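> Sequence first, then the predicted structure:
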Amino acid sequence: MLVYLDMCCLKRPFDDQSQPRIRLEAEAVLMVLARESAELRFVRSTALLLENAFNPLPERSARVGHWLRSGTMWQPADAAQLEARVAEWIGLGLRNFDALHIATAEQATADRFVTVDDHLLAALRRHGAHCRVPVRGVLELAQEVST
């Protein structure tokens, strides 16, 4: 299974763990990342590197950047096609980075796009017919890969 974790997922382990939901999602992200194997692979993209570069917390940025660079970096086969798809998603109301991430997941032919962002999850589910990759919350993915 090829999985695209958006930046919200990758940053979740560094968020305030005093809220039960955040702690549970952080544990799910760490569990999923620990299961990386030939059967469970992750898309590491320049889109994720770009968004990570804007992270104002140096330690979090460094740790996420280290993980991103620890594997093969996916490159778009057709940048113009990717840009057009990003524009379509923006036209449907997604924010710039969200549109870039979902379009990248689609072009990378990911089997799952995963987020902890409730607004993004709702927007992608609203536009389910338009989406070319199944969308999951991180808890759903964790359950899926642990069974």
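Great, that's in hand.

> got the residue ranges for the helices in this structure?
Here the chain has its helices, by DSSP state H, at 7-11, 20-34, 46-53, 58-69, 79-91, 96-107, 118-126, 138-146.

> tell me the angle of the last one relative to helix 118-126?
Going by axes from the mean of the first three to the mean of the last three CA atoms, to 10 degrees, helix 138-146 is angled at 70 degrees with respect to helix 118-126.

> and L121, what pLDDT?
L121 is assigned 96 on the pLDDT scale.

> now L48
As predicted, L48 sits at a pLDDT of 98.

> For W67, see how far away it is.
Distance, L48 to W67, using CB to CB, to the nearest Å: 9 Å. (C-beta placed from N, C-alpha, C; glycine too.)

> neighbour-wise, which of those two wins?
L48 (26 against 17; other CB atoms under 10 Å).

> Tell me which residues touch the more buried one, please.
6-7, 10, 64, 68, 101 (CB atoms under 8 Å, 6 or more residues apart in numbering).

> I90 too?
With CB under 8 Å, 6+ apart, I90 has these contacts: 96, 99.

> ok, now E36?
Applying CB under 8 Å, 6+ apart, the residues near E36 are 42, 71.

> Nothing else from me, thank you.
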